[in-house]
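Student: sequence unknown, structure follows:
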């Protein structure tokens, strides 16, 4: 079974300095049909104007991933973690027992476009942690690359949940297949471009829930960048 979540149907917050689209219910946007998908709780697509950002605020008991599509995102948190995240990198913060942090556009001239992803951990009260890693962009043009997984398999970010986050980039005509083990589910998010998922056309910003299917089959209909969450 496949359920498509179209880009234009997502929630939206416009604050002048911020244009944010919410795949799932978040802040003032609430849709009881879209409260998350399994442990995947938030996918926000944020565009932040130059020199602006999210001031210091707190989180707890959440695995938070930032994935930059364009520009540079500057992170600082109370664990001492911090850095500037650019395309080709993934950034992770385990909020655990409690963390304060800020996220700012790292440029005074250009906007930053990024995805903010929250995953509910399988345990509460974990010790906070920060991580930031590049991924293999060349390999991503040929296959799925694992960005995050429980246990940190293959050098991926270690998340405390039975979730594997994969990404790939496709040109028109490229195909990718991801096999789903029995009783596994998937959420696909099209970060850029267009493709088909198991024969269904998807555009930039679209998402889709996949369940009771043996595999995820993608075919590029234009240049595309995709995140795939393999979930229990």
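Tutor: Received, thanks. These figures come from a predicted structure and were not determined experimentally.
Student: Tell me, how many residues neighbour residue 80?
Tutor: Using other C-beta atoms under 10 Å, residue 80 has 8 other residues around it. Placement of C-beta: from N, CA and C, glycine included.
Student: correction: residue 5
Tutor: Neighbours of residue 5 using other C-beta under 10 Å come to 21.
Student: next one: residue 48
Tutor: 24.
Student: what does residue 214 give?
Tutor: With other C-beta under 10 Å as criterion, residue 214 counts 10.
Student: The one 3 residues further on too?
Tutor: Residue 217 is flanked by 15 other residues according to other C-beta under 10 Å.
Student: With residue 50 instead?
Tutor: Using other C-beta under 10 Å, residue 50 has 15 neighbouring residues.
Student: So it sits against residue 105, correct?
Tutor: Yes. Here residue 50 reaches residue 105: they are 5.7 Å apart, a contact under C-beta atoms under 8 Å.
Student: for the chain, which residue is closest to the average position?
Tutor: Nearest residue to the geometric centre of the chain (C-alpha atoms, centre = their mean): residue 117, 4.4 Å.
Student: List the contacts of that residue.
Tutor: Contacts here follow C-beta atoms under 8 Å, 6 or more residues apart in numbering; on that basis residue 117 touches 40, 42, 43, 44, 64, 65, 66, 67, 165, 227.
Student: List of residues touching stretch 188-204?
Tutor: For stretch 188-204, the external contacting residues (C-beta under 8 Å, 6+ apart) are 2, 4, 7, 23, 43, 67, 69, 115, 167, 170, 205-208, 210, 213, 216-229.
Student: Give the buried residues for that stretch.
Tutor: Residues of stretch 188-204 classed as buried by neighbour count (16 or more other C-beta atoms under 10 Å): 188, 189, 190, 191, 192, 193, 194, 195, 197, 202, 203, 204.
Student: go on, stretch 40-53?
Tutor: 40, 41, 42, 43, 44, 45, 46, 47, 48, 49, 52, 53.
Student: go on, stretch 65-84?
Tutor: Here stretch 65-84 shows 65-68, 71-77, 79, 81 as buried, counting by 16+ other C-beta under 10 Å.
Student: would you say the residue nearest to the centre of the chain is within a helix?
Tutor: No. With DSSP: H, G, I helix; E, B strand; the rest coil as the criterion, residue 117 is assigned strand and is not in a helix.
Student: hang on, the earlier thing: and the buried residues of stretch 40-53 as CSV, adding distance to residue 150, pLDDT and secondary structure?
Tutor: Formatted as CSV, those follow (distance: C-beta to C-beta, whole Å; pLDDT from 0 to 100; DSSP: H, G, I helix; E, B strand; the rest coil):
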residue, distance to residue 150, pLDDT, secondary structure
40, 14, 98, strand
41, 16, 98, strand
42, 19, 98, strand
43, 19, 98, strand
44, 23, 98, strand
45, 25, 98, strand
46, 26, 98, strand
47, 31, 98, strand
48, 30, 98, strand
49, 36, 97, coil
52, 34, 95, coil
53, 30, 93, strand
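Student: and which of these is nearest residue 179?
Tutor: Set against residue 179, the nearest of these by C-beta to C-beta is residue 40 (19.4 Å).
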